[in-house]
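>>> when you get a sec, could you give me coordinates for this:
(chains A, B, C and D)
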There are 2 protein chains.
Amino acid sequence: MSGYAPSEAARRSGFSLDTLRYYEKIGLLSDIGRTSGGRRVFTDDDLSWLLLFRCLRDTGMPIAEMCRYAELARAGEHTAGERQALLERHAERVEEQMRLLRRQYDHLREKIRFYERPTGPE
Amino acid sequence: MSGYAPSEAARRSGFSLDTLRYYEKIGLLSDIGRTSGGRRVFTDDDLSWLLLFRCLRDTGMPIAEMCRYAELARAGEHTAGERQALLERHAERVEEQMRLLRRQYDHLREKIRFYERPTGPE
DNA sequence: CTTCAACCTGGAGCGCACTCCAGGTCAAGC
DNA sequence: GCTTGACCTGGAGTGCGCTCCAGGTTGAAG
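Numbering: from 1, shown residues only, chains lettered A, B, ... in the order given. Just a heads-up that it's a prediction; the model follows:
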């Protein structure tokens, strides 16, 4: 079950080894376990955090904001409302981002269509 | 009709004045007109280029690739096929990007749902 | 016991896309 | 004619998010 080597955690999360170390260094990840020899051991719980971070990064959340979220979570259950609000605000930004992306994608397709028949413009 | 001051071009394209100057400096924009006093004058044609660049940037195309596109366009009509292919490849990347964004958005919404009722996790 | 790939640390370096600055010029309105 | 705000240039600086490096350690396999 739990106990993944760094390379395995990297593989499963899609982050590089360097990025995992970096995330720990800046305090985004904390209390990552170690073997007696000093090597990191990632638990299932660490992994689920990483998958959340992957989601947040992929949707464009800045690292500083993920740090804020992680801090809140560490602070305890009483921050649940604030955490929810943070994710909600982010989700709304993502919606806007999706709308913009779709709109610009349509522009792009329109542009490509100009090349598709008689003779292209420009 | 044609002849926009830099600030107007910035307003219409959504790029900053500095970015417009930067784009000209790196050769993304070329042959931007000038007044006798040395000030830039943007034409409708320049504006439509800017709107294309806005579309490409918003969809994540790196500047180097936009430069390549602009160069091809300057080279003449015989590069139309290559230009089309470039845009087509980009559009496919955008599609992938939209799929990922939607997937991660769904994850995010799912995560938020955990906060919505009994007692949130983490 | 040896080997060797995976891991460790601290810190420097990088790529991208701007953004800002100093010091000067231009031109429309009063 | 003077003021003032928009504009000019070349070049330095910034913020973000990693990524790479040197030099050393660990531990499973043979």
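>>> contacts and neighbour counts: CA atoms only from here.
Noted.
>>> quick one: name the residues of chain A near DNA strand C.
Residues of chain A found near DNA strand C (C-alpha under 7 Å from any atom of the strand) are A:5-8, A:17, A:21, A:38-40.
>>> in helices, which of these fall?
Among those, the members found in helices (DSSP state H) are A:6-8, A:17, A:21.
>>> and the furthest pair within those?
A:8 and A:21 (13.6 Å; C-alpha to C-alpha).
>>> okay, angle between the longest helix that chain A contains and helix B:80-116 too, please.
Scanning chain A for the longest helix, with DSSP H as the assignment, gives helix A:80-116. Helix A:80-116 runs at 160 degrees relative to helix B:80-116, counting by axes from the mean of the first three to the mean of the last three C-alpha atoms, to 10 degrees.
>>> what helices or strands is helix A:80-116 leaning on?
Where contact means 3 or more C-alpha pairs under 8 Å, 6 or more residues apart in numbering or on different chains; DSSP states H and E, helix A:80-116 is packed against helix A:63-75, helix B:44-58, helix B:80-116.
>>> what are the buried residues along that helix?
Neighbour-count burial for helix A:80-116 flags A:80, A:83-84, A:86-88, A:90-91, A:94-95, A:97-98, A:101-102, A:104-105, A:107-108, A:111-112, A:115 (criterion: 16 or more other C-alpha atoms under 10 Å in any protein chain shown).
>>> do the same with stretch A:25-40
Applying 16+ other C-alpha under 10 Å to stretch A:25-40 flags A:28-29, A:40 as buried.
>>> what's it in contact with?
Defining contact as C-alpha atoms under 8 Å, 6 or more residues apart in numbering or on different chains, one finds that stretch A:25-40 is touched by A:5-6, A:23-24, A:41-43, A:46, A:66-67, A:70.
>>> and the helices and strands packed on helix A:80-116 as a markdown table, adding distance to DNA strand D and mean pLDDT?
Shown next, in a markdown table, are the helices and strands packed on helix A:80-116 (distance: least, C-alpha to the nearest atom of the strand, whole Å; pLDDT from 0 to 100):
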| stretch | distance to DNA strand D | mean pLDDT |
| --- | --- | --- |
| helix A:63-75 | 4 | 98 |
| helix B:44-58 | 14 | 98 |
| helix B:80-116 | 16 | 97 |
